[in-house]
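> everything below, folded, please.
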Amino acid sequence: MVVTTQNVAAVLHGVGDLRIEEVPRPVAGPGEVLVEIRSVGICGSDVHYYEHGRIGDHVVNAPMILGHEASGVVVGTGQRVAVEPGVPCGHCEQCRAGAYNLCPDVRFFATPPIDGALAHVVAVHEAFAHPVPDELSDDAAALCEPLSVGLWANRKAGTTIGSRVLVTGAGPVGVLCAETARAFGASWVGIADVQPDRLKAAEAFAVDEVIDARRGVDYAAYRPDVLLECTGAEPVVDAGIRALRPRGRAVLVGMGASGTQQLPVQAIQTRELIVTGTFRYAHTYPDAIALAASGRIDLDALVGARLPLAESERALTMGHTDPSVLKTVVTVSEG
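Next up is the predicted model:
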């Protein structure tokens, strides 16, 4: 392993203003390790900060390093790790209950004002630097983060053997929700979208049906008892919930532009549906790593483009320039 002495990072200074520049090399604090970053997946939140400078109440008021889907190597040991990007306080009521994803004081990579992982070296809490086996590539180790979102959504849904799972939204998270549902034993998994490129990409994954929602589809015809809603779009949320069979479960994964939506309350009441939100994940990384290492979920198959750190801005705009790319990974350093 080659240890870098410099620390070059992709720093967001404002809307559309991303600069590749040298930043101070971090010093590991108590309970932390330094990780030389290998791969970073580009998430929709990174793109949103780049294009709008904010997500809800989280505003980029000072220069911030982007990126939270990361893998790397622990400096000094050579241990390859997947980096879990949210470090909770460990002391609040939610942390003590085990729901550390709901910690109000969590420090989450690339969420203002916390710097992210698009840098050569970052400091990581040792408990959140998860060892990965040789079976996992650096890219796959980084993508254990969005896989964790899919795992958490399926846990919240109670997906199990025989479940019929409808996923709305065929982006990377939607595809991983569908892949995880299959791994959990679902008997039928369908994924719906309106974008031709995403529909085509979804055909390569372990789903029973790719549903073109541009054609005025009746989701109820598929008899789902689980809805994993990954668009956040109010009409899609409404249609998906209405399609559920009695005692079905809807998990709202995607976040829409509006913080308030109407729900089909009568359908929820008369069918005794359960509707819940989901926020990030907790206690998922060991299972995500095991699922990917076993080959049951092929995270490398998501990657449509790999770019160097110097081309981070191009990576952030890939969704516009090449919509056929499902996931873009920035290669920060090579093993």
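> how about the strands of the stretch 1-150 of the chain, start to end?
8-14, 17-22, 32-41, 54-55, 58-59, 64-65, 69-74, 80-83, 86-87, 107-108, 121-125, 129-131 (DSSP state E, counting those that start in this stretch).
> would you agree residue 176 is in contact with residue 146?
Yes: assessed by C-beta atoms under 8 Å, residue 176 is found in contact with residue 146 at 5.5 Å. C-beta: built from backbone N, CA, C; applies to glycine.
> so which of the two has more stuff around it?
Taking other C-beta atoms under 10 Å, residue 176 and residue 146 do not tie; residue 176 has more neighbours (28 against 25).
> low-confidence ranges, the stretch 151-300 of the chain, go.
In the prediction, the stretch 151-300 of the chain carries no residues with pLDDT under 70.
> turn the strands of the stretch 1-150 of the chain into a markdown table, including mean neighbour count and distance to residue 196.
Output for the strands of the stretch 1-150 of the chain, formatted as a markdown table (neighbours: other C-beta atoms under 10 Å; distance: least, C-beta to C-beta, whole Å):
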| stretch | mean neighbour count | distance to residue 196 |
| --- | --- | --- |
| strand 8-14 | 22 | 30 |
| strand 17-22 | 15 | 29 |
| strand 32-41 | 24 | 23 |
| strand 54-55 | 14 | 27 |
| strand 58-59 | 15 | 32 |
| strand 64-65 | 21 | 34 |
| strand 69-74 | 28 | 26 |
| strand 80-83 | 26 | 32 |
| strand 86-87 | 20 | 34 |
| strand 107-108 | 17 | 33 |
| strand 121-125 | 23 | 37 |
| strand 129-131 | 19 | 36 |
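> out of those strands, nearest to residue 317?
Residue 317 lies closest, by C-beta to C-beta, to one member of those: strand 17-22, at 9.9 Å.
> so what touches the closest one?
6-13, 50, 66, 309-310, 312-313, 316 (C-beta atoms under 8 Å, 6 or more residues apart in numbering).
> same thing but at 10 Å, please
Defining contact as C-beta atoms under 10 Å, 6 or more residues apart in numbering, one finds that strand 17-22 is touched by 6-13, 46, 49-50, 53, 60, 63, 65-66, 118-120, 308-317.
> out of those, which sit inside helices?
Mapping the contacts of strand 17-22 onto helices (DSSP state H) picks out 46, 49-50, 312-316.
> closest to residue 245 out of these?
Out of those, the member with the shortest distance to residue 245 (by C-beta to C-beta) is residue 46, at 36.9 Å.
> wait, isn't that closest one in contact with residue 40?
Yes: applying C-beta atoms under 10 Å, one finds residue 46 in contact with residue 40, separated by 8.9 Å.
> identify the contacts common to the two.
Jointly contacting residue 46 and residue 40 under the rule C-beta under 10 Å, 6+ apart are 10, 66-69, 110, 116, 118, 312, 315, 328, 330.
> nearest residue to the middle of this structure?
The centre of the chain sits closest to residue 146, judged by C-alpha atoms, centre = their mean, with a distance of 2.7 Å.
> so what pLDDT did that one get?
Looking at residue 146, its pLDDT is 98.
> tell me the contacts of it?
41, 43-44, 68-69, 171-173, 175-177, 281, 288, 299, 302, 327.
> out of all of them, which helix in the chain is the longest?
Every helix in the chain considered (DSSP H), the longest is helix 144-157.
> okay, the next helix or strand after it in CSV with CA atoms only?
Following helix 144-157 in sequence order, the next helix or strand is strand 164-168 (DSSP states H and E). Only the C-alpha atoms of strand 164-168 are listed here, as CSV (Å, rounded to 0.1, in the frame of the first residue of the first chain):
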residue,chain,number,x,y,z
ARG,A,164,-44.9,-9.9,-3.6
VAL,A,165,-42.9,-6.7,-3.8
LEU,A,166,-43.5,-3.7,-6.0
VAL,A,167,-40.7,-1.2,-6.3
THR,A,168,-41.5,2.2,-7.8
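> any idea of the angle strand 164-168 forms with helix 144-157?
Angle, strand 164-168 to helix 144-157, by axes from the mean of the first three to the mean of the last three C-alpha atoms, to 10 degrees: 130 degrees.
> max pairwise distance over the ones in helices among the contacts of strand 17-22: which two?
49 and 314 (16.2 Å).
> of the two, who's got more company?
Taking other C-beta under 10 Å, residue 49 and residue 314 do not tie; residue 49 has more neighbours (25 against 16).
> list the contacts of the more buried one.
12, 15, 18, 43, 55, 58-60, 64, 66, 110-112, 116, 316.
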